[in-house]
Structure formats: C-alpha cells, structure tokens
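# task: produce atomic coordinates for the following.
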Amino acid sequence: MEPTAGAEAAAEKRIAANLIVGTPASTADELSGGNQQRLLLALMPPDVRLLLMEHPTRGLDLESADWVWRQLLERSRRGTAIVFASADLDELLRYSDRILVFFAGKVLREVRAADTSGEELGYLIGGKVAP
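You can find the predicted model right below:
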C-alpha cells in the first residue's frame, strides 16, 4: 500500500525535525541505533506524563546521546516525569535529580545526584557504604 501524500509529507517533516538519517520508506531496522532512538522520540506523543527508559543512550555515539538528552530534558521542562535505569554512572549523575540504588533486589539507598559521586555510587552498587 502506497502512503498518501499527506502521510509522506508528515513523515518528511518529522524526519527533518528530528535529524533522522532516513526516508519515509526506510524501516526502523534499517536505521542506525541513534536514528532508531530519534525515530522513537519523533513518534512519541508530546504530552506523555511519565517516560520509563532502560539505558536510553547505550551504544549511541556522543552526538546522538547528547541529542537524545536534549529532547528528554525539554520534555521534562514541559512536565514529563522521566525515570531511567543506566549502567553509566556519569549519565546517572548528570541527568538525575534522585538516584535509587538497588542491592539484592531491594532499594539500598536513595541519594540526591547533586550530593553524591561516582565513587559513592560504586560502593553502594556493591552493597557497601563509601569509607
């Protein structure tokens, strides 16, 4: 089935607005990881109240990761609550307000990102308190 002219124009607009390297005929699996992330954000309704993500920038180049976070921070400024899990401690510290550290299936501690360090998080992740 051929897309309508209106649908193709809308797709081209979203592709351009989100800097996606692809065409309206491209399938998601043909896109790079960064362009797949851009596609997902382009398709997401603007008024999402809660966004849950796991490793939102894993495997992305620096430019794509920065772009993803700019979009997420803009959504946050407009009222979207963002909850994410990441193995990247720098990402957690840079983009979080609060961090919940789990150990043995339970919350070990909640810390304010501004009041902790990567070293302290490393200890907590290992189930220990920093010396």
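
# how about low-confidence regions in this structure?
Counting by pLDDT under 70, the ranges of the chain that qualify are 1-3, 131.

# which residues sit in contact with the residue positioned nearest the centre of it?
Closest residue to the average C-alpha location of the chain: P56 at 3.4 Å, with Cα atoms, centre = their mean. Contacts for P56 (Cβ atoms under 8 Å, 6 or more residues apart in numbering) come out as Q37, V68, W69, L72, F84, S86. C-beta coordinates here come from the backbone N, C-alpha and C atoms, glycine included.

# output the longest helix seen in the chain as CSV, nothing but the C-alphas.
Counting residues, the longest helix found in the chain (DSSP state H) is helix 62-77. The C-alpha coordinates for helix 62-77 follow below in CSV (Å, rounded to 0.1, in the frame of the first residue of the first chain):
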residue,chain,number,x,y,z
LEU,A,62,28.3,11.1,21.6
GLU,A,63,26.3,13.4,19.3
SER,A,64,23.3,11.1,19.3
ALA,A,65,23.4,10.7,23.0
ASP,A,66,23.5,14.4,23.6
TRP,A,67,20.6,14.9,21.1
VAL,A,68,18.5,12.3,23.0
TRP,A,69,19.2,14.0,26.3
ARG,A,70,18.4,17.5,24.9
GLN,A,71,15.0,16.1,23.8
LEU,A,72,14.4,14.4,27.1
LEU,A,73,15.3,17.4,29.2
GLU,A,74,12.9,19.5,27.1
ARG,A,75,10.1,17.0,27.8
SER,A,76,11.0,17.2,31.5
ARG,A,77,10.7,21.0,31.4
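
# give me the contact list for it.
With contact meaning Cβ under 8 Å, 6+ apart, helix 62-77 is reached by 19, 33-35, 37-38, 41, 48, 51, 56-57, 60, 82, 95.

# mind redoing it with 7 Å?
L19, G34, Q37, L41, L51, P56, T57, L60, I82, Y95 (Cβ atoms under 7 Å, 6 or more residues apart in numbering).

# inside helices: which ones of these?
Short answer: the contacts of helix 62-77 in helices (DSSP H) are G34, Q37, L41, Y95.
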